[in-house]
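In: any chance you can model this:
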Amino acid sequence: MEKSNVVNAEIELLTAIKYADVSVLEKMLHDDLLFNLPDGQTITKEFDLNMYRSGKMKIDFLEASDQIINCIGDTAIVSVTVLLKGNYDNNRIDGALRYIRVWKQFDEGLKVIAGSCAELK
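Out: Residues are numbered from 1 along each chain as shown. Predicted coordinates:
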């Protein structure tokens, strides 16, 4: 797996998140995705997509930095800091989060299979 492909996938994913582009998110998130939120809740792909579809997830500002990518066979682990401003289920988001995402190469392209994020203080 080429790091440049992962970098491009990350850019596409973050752009889709920023603009609530559900069709792109649907393509990039694996059907069996598990993702841990800062409050400890584990969500699925469908839960995540429904938050965007319903308008409960709205991003006003998103900026990524401090990205680290490790490629291991057909899998890549990405650690990245994201400065976010927006709303999630009527709760204000305004701060930095550290994400870890696990990407896996499939015939149809790279997909996120797992991840989590923690709020940075």
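In: where do the helices sit along this protein?
Out: 3-18, 22-28, 45-53 (DSSP state H).
In: mind putting the ones you listed into a markdown table with mean pLDDT, distance to residue 108 and mean neighbour count?
Out: Heads up, the C-betas are built off the backbone N, CA and C, glycines and all. A markdown table is the format used below for the helices of the chain (pLDDT from 0 to 100; distance: least, CB to CB, whole Å; neighbours: other CB atoms under 10 Å):
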| stretch | mean pLDDT | distance to residue 108 | mean neighbour count |
| --- | --- | --- | --- |
| helix 3-18 | 96 | 12 | 16 |
| helix 22-28 | 97 | 8 | 16 |
| helix 45-53 | 95 | 15 | 16 |
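In: could I get the average pLDDT for stretch 62-78?
Out: Throughout stretch 62-78, pLDDT has a mean value of 97.
In: for it, buried residues please.
Out: 62, 64, 69, 71, 75, 76, 77, 78 (16 or more other CB atoms under 10 Å).
In: ok, of the residues you listed, which one's closest to residue 56?
Out: residue 62 (16.6 Å; CB to CB).
In: nearest residue to the closest one other than its sequence neighbours?
Out: Excluding its sequence neighbours, the residue lying closest to residue 62 (CB to CB, 6 or more residues apart in numbering) is residue 18, at 4.6 Å.
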